[in-house]
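In: Need coordinates for the following:
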Amino acid sequence: MQATIGYRNVSVSSTAILVKAGNVRLPYIGCSNKSVDDIWLHLYNKATAGAVTVGTTTPDQSYLVPQGDGTNYSVREPIHGGDEMVFPLGLVIAATKEADGGNTAPASSQIVNARYSA
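Out: Model (predicted):
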């Protein structure tokens, strides 16, 4: 059995972020949203952040995270928990106000927590 690696990023927005290149097995991911807007956390099966153009590249998974109130966070953890999602090329994440086809940044950065193995 492979070790599980923890991941935390407190500044997820509409810029693509590489979590890990190469095979990623993702049993758990969660997100906290302080923005006054609902946001969408997008997951991409890509080897580099540069391979993702947020708003143009189709995400492999997208999850709604309800709005906070501008001061306090709305927490959606786990967004995914249980069966592993597999990203053979790597895992890239981004957050936008749109479910699909948009690249509008949330009013505040999102906090993403994940656990994965290679």
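
In: lowest average confidence, helix or strand, in the chain?
Out: Each helix and strand of the chain was given a mean pLDDT (mean pLDDT, DSSP states H and E); the minimum falls on strand 74-87 at a mean of 76.

In: right, and the helix or strand after it?
Out: Next helix or strand after strand 74-87 toward the C-terminus (DSSP states H and E): strand 90-96.

In: Give me the helices and strands touching the helix or strand following that next one, please.
Out: Downstream of strand 90-96, the first helix or strand assigned by DSSP H and E is strand 110-117. Counting contacts by 3 or more CB pairs under 8 Å, 6 or more residues apart in numbering; DSSP states H and E, strand 110-117 packs against strand 5-12, strand 17-21, strand 24-33, strand 39-45, strand 90-96. Quick note: C-beta positions are derived from backbone N, CA and C, even for glycine.

In: Count the residues that sit near residue 66.
Out: 12 (other CB atoms under 10 Å).

In: Over to residue 45?
Out: 18.

In: Make sure it is actually in contact with residue 93.
Out: No. Using CB atoms under 8 Å, residue 45 is not in contact with residue 93; the gap is 11.3 Å.

In: Contacts only, for residue 37.
Out: For residue 37, the contact set (CB atoms under 8 Å, 6 or more residues apart in numbering) comprises 67, 97, 106-107.

In: Neighbour-wise, which one of those residues leads?
Out: residue 106 (24 neighbours).

In: what comes up buried for stretch 35-45?
Out: For stretch 35-45, burial by neighbour count (16 or more other CB atoms under 10 Å) applies to 35, 37-45.
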